[in-house]
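S.K.: With the input below, show me the fold.
(one chain, ligands or ions: 1)
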Amino acid sequence: MKKTLALILAACMSLSLVACGGGDKSNTPPAGGSNAGTSQSANQPSTGGSEAKTVGIAMPTQSLERWNRDGAYLDEQFKAAGYKTIVTYSDNKNEQQVNDIQNMLSQGVDLLIIAAIDGNGLNTVMNDAGAAGVPVIAYDRLIMNDNSSYYVSFDNYTVGKLQGEFVRDALDLDNAAGPFNMEFTAGDPADNNAPFFYNGAFDVLKPYIDSGKVIVPSGQTAFDAVATDQWQTDVALDRAQNVLASFYSDGTKLDAWLCSNDSTSMGVTQAVTQDYAGGNTVVITGQDGDVANLRNIKDGKQSMTVYKAVANEAVVTLDLAKAILDGKTADASLISASGWDFECAYDTESYETTPGHKCPSFLLVPDVVTADNMEEKLVTPGYYKVGADGYLEATNG
Ligand code: GAL
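M.R.: Below is the predicted model:
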């Protein structure tokens, strides 16, 4: 099923017609994927004609690879289901995303799907959407406003837990004598996901730090000390180079570096490759399965990535949107009635948009990808293909 879905979507995308608009100009849109800016479907499938409802899909940027896939999958899923779509990419600029969403509301969208650049930066448009009775699905990143109708994401704490457990097992912390030296790089403080990723990982490793089996020579373990503005590779690179120069230039061995996602891992891996003089392989984690990072994993420079099948996240989002627009109550019954061939949990406790205000959430399950299993986990389901050079390439652009 997943392979078929991915291949169908890949084929559809090559046919989708999009209007150029605002959004990122600096990034080449994915092959066959939606362009940056607004894509008002030019050829709406004939279901309901002018009655076809319109869905606004607001993605944060195209400069972080995964959002190109999310935007493309969502656009194709909703079009194939007969909806009109407006898709924007806001170049990681919160004010631009506010404007993009305001434009969607002024065009009369019936539902909004938003991956927020800043979970605390959308109150005006979220309140406007609430006042207009437009439901909002907070997509992948929670929006800290009670007008978020639902949240669809992966279990973000588990993403981090998988990364922490990978480092624990790779260093054999339960049996080896140690001590081991490691560092941490977390995500964007404006992204509500980032602390969940970091806490999931740190909660696994903290007992070993407390016991002295793991040492952090930089002493930087607080989230704010290891966070990376807008998940930028260069920001992660700069900090990693400073840490290596300050704490490892005396020959101190570096055993592991926990990175919350692939764009930050790219920076850390570059710093370790260029500036770490130890001869050992450093255990380095990531998240998203970005193509460049999959190359690094195959080449042994990065150890793993946590993969989140955004094709499945789009399927959940579509079925949830249908239920909302059809006036049905969306809860755990959506999962049991869905026929999805992947795991998803309905969670009404873990996420709050304001203190005490729980946001009902649909949480998918992330997966660990390494050099040993990447073809089984990524190629077999059809998410990626093996290129002529033997490295993986995305199938959906
Ligand atoms: C997070 C997202 C991750 C990570 C990051 C960069 O919110 O869940 O997949 O890659 O943003 O886009």
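
S.K.: Provide the count of other residues in contact range of the residue in the stretch 101-250 of the chain that the ligand sits nearest to.
M.R.: Going by Cβ to the nearest ligand atom, the ligand is nearest to residue 193 of the stretch 101-250 of the chain, at 3.9 Å. C-beta here means a position set from N, CA and C on the backbone, and glycine is covered the same way. Residue 193 has 23 neighbouring residues, counting by other Cβ atoms under 10 Å.

S.K.: do the same with residue 73
M.R.: Neighbours around residue 73, by other Cβ under 10 Å: 29.

S.K.: Not counting sequence-adjacent ones, nearest residue to it?
M.R.: residue 314 (3.9 Å; Cβ to Cβ, 6 or more residues apart in numbering).

S.K.: Let me see the contact set for that neighbour.
M.R.: By Cβ atoms under 8 Å, 6 or more residues apart in numbering, residue 314 lies in contact with 70, 73-74, 77.

S.K.: rewinding a little: how much space separates the residue of the stretch 101-250 of the chain closest to the ligand from residue 151?
M.R.: For residue 193, the distance to residue 151 (Cβ to Cβ, to the nearest Å) stands at 11 Å.

S.K.: what do these two both touch?
M.R.: Taking Cβ under 8 Å, 6+ apart as the contact rule, residue 193 and residue 151 both touch residue 142.

S.K.: now this structure, which segments are flagged as low pLDDT?
M.R.: Residue ranges of the chain with pLDDT under 70: 1-50, 396-397.

S.K.: hey, C-alpha coordinates of the helix ranked longest in the chain in CSV?
M.R.: Longest helix in the chain by number of residues (criterion: DSSP state H): helix 193-211. Only the C-alpha atoms of helix 193-211 are listed here, as CSV (Å, rounded to 0.1, in the frame of the first residue of the first chain):
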residue,chain,number,x,y,z
ASN,A,193,8.9,19.9,18.6
ALA,A,194,12.5,20.7,19.4
PRO,A,195,12.3,20.4,23.3
PHE,A,196,10.3,17.1,22.9
PHE,A,197,13.1,15.7,20.6
TYR,A,198,15.8,16.8,23.0
ASN,A,199,14.1,15.7,26.2
GLY,A,200,13.4,12.3,24.7
ALA,A,201,17.1,11.8,24.0
PHE,A,202,18.4,13.4,27.1
ASP,A,203,16.1,11.4,29.4
VAL,A,204,17.8,8.2,28.0
LEU,A,205,21.3,9.5,28.5
LYS,A,206,21.0,11.6,31.7
PRO,A,207,21.5,8.5,34.0
TYR,A,208,24.8,7.8,32.3
ILE,A,209,25.9,11.4,32.6
ASP,A,210,24.9,11.4,36.3
SER,A,211,26.9,8.3,37.0
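
S.K.: List the buried residues in it.
M.R.: Neighbour-count burial for helix 193-211 flags 193-202, 204-205, 208-209 (criterion: 16 or more other Cβ atoms under 10 Å).

S.K.: Repeat that for stretch 318-331.
M.R.: Using 16+ other Cβ under 10 Å as the test for burial, stretch 318-331 gives 318-324, 330.

S.K.: before we move on, back to that, next one: the residue nearest to residue 73 from residue 75, what distance?
M.R.: In terms of Cβ to Cβ, residue 314 sits 9 Å off from residue 75.

S.K.: what's the answer for residue 267, then?
M.R.: For residue 267, the distance to residue 75 - Cβ to Cβ - is 30 Å.

S.K.: Looking at these two, which has the bigger crowd around it?
M.R.: residue 75 (27 against 23).

S.K.: Does the more buried one lie in a helix or a strand, and which?
M.R.: helix 65-80 (DSSP states H and E).

S.K.: For the chain, just list every one of the helices.
M.R.: With DSSP H as the criterion, the chain has helices at 2-13, 65-80, 94-106, 123-131, 156-170, 193-211, 223-226, 233-247, 262-275, 291-298, 310-325, 332-336, 374.

S.K.: Please identify the deepest-packed of those helices.
M.R.: Stretch with highest mean neighbour count among those: helix 65-80 (a mean of 24; mean count of other Cβ atoms under 10 Å).

S.K.: Dump it to PDB, restricted to CA.
M.R.: Extracted in PDB, the C-alpha atoms of helix 65-80 (Å, rounded to 0.1, in the frame of the first residue of the first chain):
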ATOM      1  CA  GLU A  65      14.200  19.300   2.600                       C
ATOM      2  CA  ARG A  66      11.400  17.500   4.400                       C
ATOM      3  CA  TRP A  67       8.900  20.300   4.000                       C
ATOM      4  CA  ASN A  68       9.100  20.000   0.200                       C
ATOM      5  CA  ARG A  69       7.900  16.400   0.500                       C
ATOM      6  CA  ASP A  70       5.200  17.300   3.100                       C
ATOM      7  CA  GLY A  71       3.800  20.100   0.900                       C
ATOM      8  CA  ALA A  72       3.900  17.900  -2.200                       C
ATOM      9  CA  TYR A  73       2.200  14.900  -0.600                       C
ATOM     10  CA  LEU A  74      -0.500  17.100   1.100                       C
ATOM     11  CA  ASP A  75      -1.200  19.000  -2.200                       C
ATOM     12  CA  GLU A  76      -1.500  15.800  -4.200                       C
ATOM     13  CA  GLN A  77      -3.600  13.900  -1.500                       C
ATOM     14  CA  PHE A  78      -6.100  16.700  -1.200                       C
ATOM     15  CA  LYS A  79      -6.300  17.300  -5.000                       C
ATOM     16  CA  ALA A  80      -6.800  13.600  -5.700                       C
END
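
S.K.: Next, see if that helix gets close to the ligand.
M.R.: Yes - Helix 65-80 comes into contact with the ligand (Cβ under 6 Å from any ligand atom), by way of residue 66.
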